[in-house]
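Chemist: Predicted model, plus sequence, below.
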Amino acid sequence: MSTSKSTFRLSFMLLLVLLTSILAACGSESATTAPSGSTTTSNEPRTIKLWHYEGANSAMGIAWAESIKQFQAANPGVTIQFEEKGFEQIRQTAGMVLNSNETPDILEYNKGNATAGLLSTQGLLTDLSDVATQRGWDKLLSSSLQTTARYDDKGVMGAGKWFGVPNYAEYVMVYYNKDMFAKANLQVPTTFAEFEAVMDAFVKQGVTPLSVGGAEYPAQQIFYELVLSKANREFVNAFQLYQGDVDFRGPEFTYGAEKMAEWVSKGYISKDATGIKAEDMGVAFTNGTFPIMISGSWWYGRFSDEIKGFEWGTFLFPGNTLHPGSSGNIWAVPTNAKNKDLVYDFIDITMSQEIQTLLGNSGGVPVNADVSKITNDKNKELIQNFDAISKADGLAFYPDWPAPGYYDILVANIQELIDGTKTPSEMLDAIAIPYQEHRATLGK
Amino acid sequence: MTSLPLKSSYKKPHKAGIGRFFVLAALLIVLLVVLLPFAIVIINAFKTPEDYATYGPLSWPTAWSIDGIVEFWQRVDYSQKLLNSLLISASVAVIGVLLSLLNAFALGIGRIKGRIWLLILFMVANTLPQESLVYPLYYLSKEFDLYNTRFVVILIFSVIQSAFGTYLLSSVFSTFPKEMLEAAMLDGCNKLQLLFKIIVPVSRPTLAVLFTFFFIWTWNEFFLPLILLISNDRQTVPIAVGVLQGQRNMEATLSSASALLGILPCFIFFLIFQRTLTKGIAAGSVK
């Protein structure tokens, strides 16, 4: 007993020693951080703190790593201190971090009213309007890409000052399994009627054509695609930017909801889809269970790496000129950031044609690439499809954007539409209420 | 006559075979259900992404690969995260136990005035959700220039954990045998000696249990460290695991690898201190 008592005492003492050394270390830690908050002079080595949340192997991760390299070569006295963050981490803590002196000098931030828009109204983001015109970013980005860069004094996107710079884009398309199409002797559809005929053919062979994740964002993007097939730009501006009235019982929404229900009853979409997550939807397409998947360009790089068993390709949703999609996330500069001039130089590098081409060659959707230098045919197809949408001013954003919490409302109601507990008109009434309520609070 | 066979059946309990078999079978099934998620995490941690994409999450790996684990380790600088978590959890466990001990000495042994109210206060503090503390803690730590330091996390969790520790230890100490305390006082013990020479040795098993729990609880904390630790080189293991959660994509094999690395240290710690835990729960105070 006495030996175990002394070992206990010994371990306790050791822990105390450890503790005091920790406390000492913590003390020096806060002491060393203090001077970095003071003013920087030209002689001092300058550091830029950069945060983003793209994986190192993703197209953006590769392109931005190269941008850092180029920036460092051009500015030998400056170091870029890059920290990889999680999406959730930035989403949950950005407001607090940007309000402190631990703020990064530049960060990738989620575009949208509830994120960048909200922070801009709190005065936490730098107004980039002048810089954007000086450096010509306003000319590089088409008007539908600029939508997510500009926010008005209520934090509503679409017009007003620049608070961010989008560096890449994304859009929803149709992925298809070439081998399954060939086996069923089917061609790539070019019209909506042909698209339905293709899916009919698969149903006749006992194959459910569409891989759908009804528990997350994919189902609402299909619904929105169908709505957009009857819509025009005015409808999108009314729905997304509050420029005009939206009728949820109007022809666009009615067609979308009824068509979606019809697709379920015809067997294009399985009723089981309501419980499928986006990740499982992707995996089911990757292992060849379904011939078709309607989802965003964010799958592109992953499919290129992981689909080994068959040939695959993409086409735009047949018959639509409007497609769900938008700019990617944006570069934002916190109000409390230091070294803003250097940060603008860095953004300039990421917008350069060379970096943008690298982004395109790595499987992303660039906003300013030299398409002739895109080597991979698949990547070229991805970018050319985007250019076609962009030229037709066809980016229609995402259906969950217009109101806070709308994502969950859409998921729940489209699930009920798919499993038949709600009729199309009941579902439309249910999603109309929160939307109209939010617009009323904005006074728009 | 009738009592004899009864006695013998007590001595040989394995004769009641059927019932025991069913209980064992039921326990085995429960065990399997509990272990299944861990098994899936382990299987997927050692798969390649292509393997996962082709055969799904439930298949056996076609080839065992540690690439995911290595990649995660390097990507988040896991050694640094381990060190941070160890530093924070160990410090909190030590300070938390010390604070609880001193508080409980006053409340349980010293029986100071208003101790019931103080205990209620501690219990209420214990039930406060951390989300409600976020903004006060954020503004206070900024005010004292402690935002984004490991020290502030240690400070906060020492207090949070010791609220529970005080509550538990006080009730343990209030049943401490009076005779022992009186005897010690008669022998000329002062209060400090009473605490460290008599009470601490006797309640050592309970303190060890508290220490273990404080360590594991602090290790698994996610929300407050996420809010308070900004720089990557100061963050803890659970936050590192969170880095992989993308906006739309998740890397299933990498996530599994990170989950495995995330639970492993805690699991090892638990194995080491498992004996103190069982001892502490079984321990009596008077020997």
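Modeler: Received the coordinates, thanks. Numbers count the residues shown, from 1 in each chain, chains lettered A, B, ... in the order given.
Chemist: quick one: the helix or strand containing B:Q193 near chain A?
Modeler: Under DSSP states H and E, the secondary-structure element containing B:Q193 is helix B:191-193. No. Helix B:191-193 does not reach chain A (Cβ under 8 Å from any Cβ of the partner chain); its nearest approach is 14.8 Å. Bear in mind the C-beta positions are built from the backbone N, C-alpha and C, glycine included.
Chemist: any idea which helix or strand comes after that helix?
Modeler: The helix or strand immediately downstream of helix B:191-193 is helix B:200-202, counting by DSSP H and E.
Chemist: Contact partners for A:R91?
Modeler: Residues in contact with A:R91, defined by Cβ atoms under 8 Å, 6 or more residues apart in numbering or on different chains, are A:110, A:115.
Chemist: Please, which helix or strand holds it?
Modeler: Going by DSSP H and E, A:R91 is part of helix A:87-98.
Chemist: buried set for that helix?
Modeler: Burial within helix A:87-98, assessed by neighbour count using 16 or more other Cβ atoms under 10 Å in any protein chain shown, is assigned to A:87-94, A:96-98.
Chemist: Stretch B:111-122 now?
Modeler: B:118-119, B:122.
Chemist: now that stretch: mean pLDDT?
Modeler: When the per-residue pLDDT values of stretch B:111-122 are averaged, the result is 86.
Chemist: and if you look at stretch B:209-226?
Modeler: The predicted model gives stretch B:209-226 an average pLDDT of 91.
Chemist: Centre of the chain to the next helix or strand after the helix holding A:R91, how far?
Modeler: Beyond helix A:87-98 in the direction of the C-terminus, DSSP H and E gives the next helix or strand as strand A:106-109. Taking Cα atoms, centre = their mean, to the nearest Å, the mean C-alpha location of strand A:106-109 is offset from the chain mean by 13 Å.
Chemist: what lines up beside strand A:106-109 in the sheet?
Modeler: Strands that pair with strand A:106-109, judged by DSSP bridges, come out as strand A:46-52 (parallel), strand A:330-332 (antiparallel).
Chemist: now these in a markdown table, with distance to B:P225 and mean neighbour count?
Modeler: As requested, the strands paired with strand A:106-109 are exported to a markdown table (distance: least, Cβ to Cβ, whole Å; neighbours: other Cβ atoms under 10 Å in any protein chain shown):
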| stretch | distance to B:P225 | mean neighbour count |
| --- | --- | --- |
| strand A:46-52 | 17 | 21 |
| strand A:330-332 | 24 | 25 |
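Chemist: so can I have a markdown table of these showing mean pLDDT?
Modeler: Formatted as a markdown table, the entries for the strands paired with strand A:106-109 read as follows, by pLDDT from 0 to 100:
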| stretch | mean pLDDT |
| --- | --- |
| strand A:46-52 | 92 |
| strand A:330-332 | 95 |
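Chemist: related to what we said a few turns ago, out of the buried residues of stretch B:111-122, which sit inside helices?
Modeler: Per DSSP state H, helices hold the following members of the buried residues of stretch B:111-122: B:118-119, B:122.
Chemist: From these, pick the one nearest B:V243.
Modeler: B:F122 (35.4 Å; Cβ to Cβ).
Chemist: Please report how far the residue of the stretch 51-200 of chain B found nearest chain A lies from B:R234.
Modeler: Distances from the stretch 51-200 of chain B to chain A, computed as Cβ to the nearest Cβ, single out B:F151 as the nearest residue at 3.5 Å. When distance is defined by Cβ to Cβ, to the nearest Å, B:F151 is 10 Å away from B:R234.
Chemist: Show me the shaky parts of chain A.
Modeler: Applying pLDDT under 70 to chain A picks out residues A:1-44.
Chemist: Residues of the stretch 101-250 of chain B that sit close to chain A?
Modeler: Selection of the stretch 101-250 of chain B residues close to chain A by Cβ under 8 Å from any Cβ yields B:138, B:142, B:145-151, B:154, B:201, B:204, B:226-227, B:230-232, B:234, B:239, B:242-250.
Chemist: Put the buried members of those into a ChimeraX selection.
Modeler: Paste this into ChimeraX to select the buried members of these, with burial taken from 16+ other Cβ under 10 Å:
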select /B:138,142,146,147,148,149,150,151,154,204,226,227,230,232,234,239,242,243,244,245,246,247,248,249
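Chemist: and the residue nearest in space to the middle of chain B, how far is that from B:F267?
Modeler: Central residue check for chain B by Cα atoms, centre = their mean: the C-alpha nearest the mean position is that of B:I216, 2.5 Å away. Distance of B:I216 to B:F267, given as Cβ to Cβ: 10 Å.
Chemist: Ok, A:T357 next?
Modeler: To B:F267, A:T357 is 47 Å away according to Cβ to Cβ.
Chemist: Counting neighbours, go ahead and name the busier of those two.
Modeler: Using other Cβ atoms under 10 Å in any protein chain shown as the criterion, A:T357 and B:F267 rank with A:T357 on top: 21 against 13.
Chemist: picking up where we left off before, tell me which entries of the residues of the stretch 101-250 of chain B next to chain A lie within helices.
Modeler: Among those, the members falling in helices (DSSP H) are B:138, B:142, B:150-151, B:154, B:201, B:204, B:226-227, B:239, B:242.
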